[in-house]
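[1] Show me the folded form of this:
(one chain, ligands or ions: 1)
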Amino acid sequence: MGQVEEARVSCIDLLTCHRELLVSTLRSIQCLLDNLLANRFFCEEDVEIVQRTVTKPNQVRKILELVQCKGEDACEYFVFIIYKIRDAYIDLQPWLKEINYKPSRDMEEMKVVNTDPISRYCEKQRHEMSRDTSFIMSYGQQDETRLEDLYTDTVMELFNDANESLGFIQSLNQLLGEDGVFNPQGEIIYVMGDAGVGKSILLQKLQNLWSKRELQTDAIFFFKFRCRMFSIFKEAEQMSLRDLLFKYNCYPDHDPDNEVFDYILRFPDKVVFTFDGYDEIQEDIDLMNVPEVVSPEDKANSLQLLLSLLCGKLLKGSKKILTTRTGIELQSRVIKKKVVLRGFSPDHLKTYIKLQFKEQEHRDLVSVQLDASPHLCGLCSTPLFSWIVFKSFRHLHTMHDTFHLPETSITLTDIFLLLSEVFLSRLATPASPLLKKSTRCTSETFRVGLRPLAGFAKLALQGLERGSFLCSQEEISECGLTEDDMALGFLRPIHEFDASDAPATFEFIHITLQSFLAAFALVLDKQTSGNSILKFFTECSRRRDPCCLPLAFCTTGFVKPREKRPFSTNEHLQFTNLFLSGLLSKTQASLMGLLVSPVLLKKKRALLKAYLSSSVKVHLEGLPCHTADGEKKVHVLPHFLWILRCIFETGSKDIAKMTAKGITAGFIKLGYCNVYSGDCTAINFVLQHRQKLLGLDMDNNNISDYGVKQLQPSFCKMTIVRLCVNNLTDSSMEVLAEELCKHKIVKVLGLYNNNITDAGAKLVAQIIEECPQLAVVKVGKNKITPVGGRYLAMAVKKSASIFDLGMWGNSIGDEGAEAFAEALKNHPRLTNLSLAANGITSSGGKCLAEALKENTVLRIFWLVQNEMMDDSAPHWAELIQANTGLSHLW
Ligand SMILES: Nc1ncnc2c1ncn2[C@@H]1O[C@H](COP(=O)(O)OP(=O)(O)OP(=O)(O)O)[C@@H](O)[C@H]1O
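    Below you'll find the predicted structure:
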């Protein structure tokens, strides 16, 4: 035996000595009884005696009495059970440590079976979680793919409460860890991302890793919820936290004493929650005024339970990951950390192609087509869209002799038409394998599939109109859809909301597909006046406010009743508008002309054209603008971007021209508007028709190199190019250098916080040298070393226009500093320079101070966060006394 034996403390004495502690702390009595019985320390009668005893402490007393009567071995085995099943006897682990318990060799050989309800529940949860998360849904139910065969990492960026980037997360383990926590008191790990960027799949992967014990966490419970379910529970339905956890997740069997729930209440830090799709909550505002839930025993409305969990009023300290569409802001005080999903990087996309296509021939074919179209690459950075494109490609390629992805100007409407074509092609009689593959005829597929397509479209529109993502069997039948139609793949059944045997509920396989079909319904609709196609446009332009969700409740406890909103965001409606624009485009005219009367189609197209042609102008007129340097500046809202997206879908040059004319401001700020690379095609589509010069600020978006490529034709008009915090690499610098040096009109170039290295810095230096009007350049927080620093310094030396250069947060070091010292001597114009946080030591500092004695122009100089020692201070003191033009030295 270990220390216990060495000290010759018998276990009988131990149990006597610590009896009080054991009586007050010991739980999971059944597990003790099961093992004592199985190993014949107890007989059936002993077990019955214990079970007949009324309270838990008395049961423990009885067990202690009995084991002590049975002798030293029984007592030692009793302690051994507590030692072996840590989870069940977690409170007694410190005691075991205190008595320095180590089991004897004989004891180590004895069997202990874990019949503890808590451990059994954990196992059950892991088992069910693994079953539920191992497959990614594909087309309908018929074609599921294993998660591990398709899951590809995506770009995950951390942000602080001021929405400043804190860098990227490299692995899912970091999501639950401490990286990027800006508010330790906050309870929520807030994950944001655009439609289809992979929020649900990210959670699924996390759940799957946990189920296989591959996630680095000590959490032993995991509860997953989709937020939309909270809208489904009946308003009047009151439920307890226990119901919410067990009825709608995994149920604890064999737990007569509620030990699992008690454990969860006592150790909330052992619990992970995932709540997917916070934007999908269709809250009833009246509920918000009901008092908050603070006791786990209270019954309450499910939404209140959710909010109390999220705010930490219930199960404080549990880990909670909440996902939502971009644009839904929560108050920072409830957020622990913030992660934004950015979709596939070019490398991720390559990996995903490999996973999607097993045959090298297909991989090559797809890669060639993608390489030829940066716009398609941009679209495919959203996993949902690449999934549709690749799946459709595979399907159509196997069905038909030739199939190529649509070329250059593919739109989102094209992508969803492709998906619908694949679904509807199931209606076609399969060709005999011996026959040559059939020739693809999209219009025929749609013509044959019109009845079910119209049925699904009607169902989708009805759902959007009443604010629901779900549909019942009854509603499906009312739309004329049959069981065979259900097999096409548009809908999938959902089981998770009905704890009872309620009839099945269905949802569209993705919300964007519901939006697409709703748009289809608007186009097909013969009954109502054409005007009704614009109803969602009107609604979206009215609801311009950034969304504020029920978590106001967490901090204020009271929210004023507002207009009842079916969805927390209007993105679904915006998508419907976008698809409507695409379906009514000239490109789709021949296909749609087969499905709708050409006269009606023409009427609807004219209405849309009239609306879109003026909507940018109207939007801009409604915004506050200010004039600076004789130029009108306006900060647009995300709705502006949606209008541009719609205009691009129409493919109409006329509308684009009229829109370009309507942009009267000389400077447009699109910062924080959630612009992604695919949007740049739409922006370019309009801007290329602009006659006048323009300043464009696109800071803090996600446009990436694909986006810059798409904007290429528009740079000839841009005097201000701000692309800070946009995930750009040197490849974007090539495009910028080529365009900006060709047109030489740029005045401001913002590239702060991207991924520019020395090669990119060389190109920026070229822009500085060759653009005679360039006054402001921001290249801080990139990856520029002394080599790049030298290029930039040399360019600054040659430039007579540069006025403000920001280099903060690179690593140009002393070598870079010396080069800048050279550039500063007698520079005619540079007034504001930041070399802060660049690893410059006293030696570099000395050179800079010396050089500044010959400079009377520099006013503001940032040098903080370098590595200069006190020995450089006299040089700066001397410089200040020498009374150069320097007014601010940091
Ligand atoms: N990391 C990934 N690896 C492979 N495929 C992915 C990944 N993320 C998403 N997908 C594909 O994209 C589809 C849509 O993803 P998902 O449902 O997670 O998006 P979402 O961000 O939750 O969208 P929404 O906000 O509209 O609900 C998935 O069904 C899957 O096919």
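[2] could you pull out the strands for the stretch 451-600 of the chain?
    For the stretch 451-600 of the chain, the strands defined by DSSP state E, counting those that start in this stretch cover 470-472, 491-494, 505-508, 547-548.
[3] Residue of the chain closest to the ligand, please.
    residue 198 (2.6 Å; Cβ to the nearest ligand atom). C-beta: built from backbone N, CA, C; applies to glycine.
[4] how near is that residue to residue 349?
    Distance of residue 198 to residue 349, computed by Cβ to Cβ, to the nearest Å: 13 Å.
[5] which one of these two has more residues nearby?
    A direct count of neighbours by other Cβ atoms under 10 Å for residue 198 and residue 349 places residue 198 higher, at 26 against 20.
[6] Near the residue lying closest to the more buried one once chain neighbours are set aside, how many residues? Count them for me, please.
    Nearest in space to residue 198, with sequence neighbours left out and distances taken as Cβ to Cβ, 6 or more residues apart in numbering, is residue 383 at 4.5 Å. Residues contacting residue 383 under the criterion other Cβ under 10 Å number 25.
[7] distance of residue 679 from residue 213?
    For residue 679, the distance to residue 213 - Cβ to Cβ - is 41 Å.
[8] Comparing the two, which residue is more hemmed in?
    More neighbours surround residue 679 than the other of residue 679 and residue 213, with 25 against 9 (other Cβ under 10 Å).
[9] tell me how far the helix or strand encompassing that one is from the chain's mean position?
    Assigned by DSSP states H and E, residue 679 belongs to helix 677-687. Its chain's C-alpha centre and that of helix 677-687 lie 23 Å apart, by Cα atoms, centre = their mean, to the nearest Å.
[10] partner strands of the following helix or strand past it, parallel or antiparallel?
    Counting by DSSP H and E, the next helix or strand C-terminal to helix 677-687 is strand 694-697. Strand 694-697 has the following sheet partners, assigned by DSSP bridges: strand 667-669 (parallel), strand 718-722 (parallel).
[11] didn't the residue of the chain closest to the ligand look like it was pressed against residue 385?
    No. Counting by Cβ atoms under 8 Å, residue 198 sits too far from residue 385 to count as a contact (11.0 Å).
[12] The helix holding residue 679 to strand 718-722, inter-axis angle?
    Helix 677-687 and strand 718-722 meet at an angle of 160 degrees, taking axes from the mean of the first three to the mean of the last three Cα atoms, to 10 degrees as the criterion.
[13] Look at the nearest residue to residue 241 once chain neighbours are set aside and give its secondary structure.
    Computed as Cβ to Cβ, 6+ apart, the closest residue to residue 241 that is not its neighbour in sequence is residue 296, at 4.6 Å. Recorded secondary structure, residue 296: coil (DSSP: H, G, I helix; E, B strand; the rest coil).
[14] quick one: residue 296 from residue 308, how far?
    Distance from residue 296 to residue 308, by Cβ to Cβ: 9 Å.
[15] what about residue 890, how many residues close to it?
    So residue 890, with other Cβ under 10 Å, has 10 neighbours.
[16] cool, residue 653 as well?
    12.
[17] show me the contacts for it.
    Residue 653 makes contact with residue 689, according to Cβ atoms under 8 Å, 6 or more residues apart in numbering.
[18] Can you tell me how far it is from residue 586?
    Residue 653 is 10 Å from residue 586, by Cβ to Cβ.
[19] what's the residue nearest to residue 481 when sequence neighbours are not counted in contact with, if anything?
    Leaving out its chain neighbours, the residue that sits closest to residue 481 by Cβ to Cβ, 6+ apart is residue 455, at 4.3 Å. Residue 455 makes contacts with 479, 480, 481, 485, as judged by Cβ under 8 Å, 6+ apart.
[20] Just the residues you listed: which are in helices?
    residue 485 (DSSP state H).
[21] re the thing from before, for residue 133, find the nearest of the strands of the stretch 451-600 of the chain.
    Closest approach to residue 133 among the strands of the stretch 451-600 of the chain (Cβ to Cβ): strand 491-494, 15.0 Å.
[22] Check whether that closest one comes near the ligand.
    No. Strand 491-494 lies out of reach of the ligand by Cβ under 6 Å from any ligand atom, never closer than 10.8 Å.
[23] any idea how far that strand is from the chain center?
    Using Cα atoms, centre = their mean, the offset of strand 491-494 from its chain centre is 23 Å.
[24] Which positions within that strand qualify as buried?
    Buried residues in strand 491-494, counting neighbours by 16 or more other Cβ atoms under 10 Å, are found at 491, 494.
[25] Give me the three-state assignment for residue 337.
    Residue 337 ends up strand, using three-state DSSP.
[26] before we move on, back to that, could you dump the strands paired with strand 694-697 into JSON lines with distance to residue 318 and mean neighbour count added?
    Formatted as JSON lines, the strands paired with strand 694-697 follow (distance: least, Cβ to Cβ, whole Å; neighbours: other Cβ atoms under 10 Å):
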{"stretch": "strand 667-669", "distance to residue 318": "40", "mean neighbour count": "22"}
{"stretch": "strand 718-722", "distance to residue 318": "41", "mean neighbour count": "22"}
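[27] Pick out the shakiest of the ones you listed, pLDDT-wise.
    Set side by side, those give their lowest mean pLDDT on strand 667-669, at a mean of 90.
[28] Quick one: residues in contact with that one.
    Strand 667-669 has contacts (Cβ under 8 Å, 6+ apart) with 631, 632, 633, 634, 635, 636, 694, 695, 696, 697, 720.
[29] Next, count neighbours for the first one.
    Taking other Cβ under 10 Å as the neighbour definition, residue 631 ends up with a count of 15.
[30] could we number from 37 for the rest of this?
    Sounds good: first residue 37 from here, last item residue 667.
[31] And it, how close does it get to residue 889?
    When residue 667 is compared with residue 889 (using Cβ to Cβ), they lie 38 Å apart.
[32] More neighbours: residue 332 and residue 344, which one.
    With neighbours defined as other Cβ under 10 Å, residue 332 and residue 344 compare such that residue 344 has more, 23 against 18.
[33] Let's test this: mean pLDDT of whichever helix or strand residue 82 is part of, rounded?
    With secondary structure defined by DSSP H and E, residue 82 is part of helix 80-88. Average pLDDT, helix 80-88: 93.
[34] For residue 810, give me its contacts.
    Counting by Cβ under 8 Å, 6+ apart, residue 810 has contacts 782, 783, 784, 785, 803, 804, 835, 837, 838.
[35] what are the phi and psi angles of the fourth one?
    With angles defined as degrees, to the nearest 10, residue 785 sits at phi -130, psi 110.
[36] ok, it touching residue 814?
    Yes. The pair residue 785 / residue 814 is scored as a contact, 7.2 Å apart, by Cβ under 8 Å.
[37] Please enumerate the helices of the stretch 737-886 of the chain.
    Under the criterion DSSP state H, counting those that start in this stretch, the stretch 737-886 of the chain contains helices at 740-747, 766-779, 794-806, 822-834, 849-860, 878-888.
[38] same for the third one, what does it pack against?
    Counting contacts by 3 or more Cβ pairs under 8 Å, 6 or more residues apart in numbering; DSSP states H and E, helix 794-806 is packed against helix 766-779, strand 812-814, helix 822-834.
[39] how about that helix: buried residues?
    In terms of neighbour count (16+ other Cβ under 10 Å), helix 794-806 has its buried residues at 794, 796, 797, 798, 799, 800, 801, 802, 803, 804, 805, 806.
[40] Columns pLDDT on top of those, output as CSV?
    CSV is the format used below for these (pLDDT from 0 to 100):
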residue, pLDDT
794, 95
796, 96
797, 96
798, 96
799, 97
800, 96
801, 96
802, 96
803, 96
804, 95
805, 94
806, 95
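[41] and the gap between residue 486 and residue 111?
    79 Å.
[42] repeat for residue 669
    82 Å.
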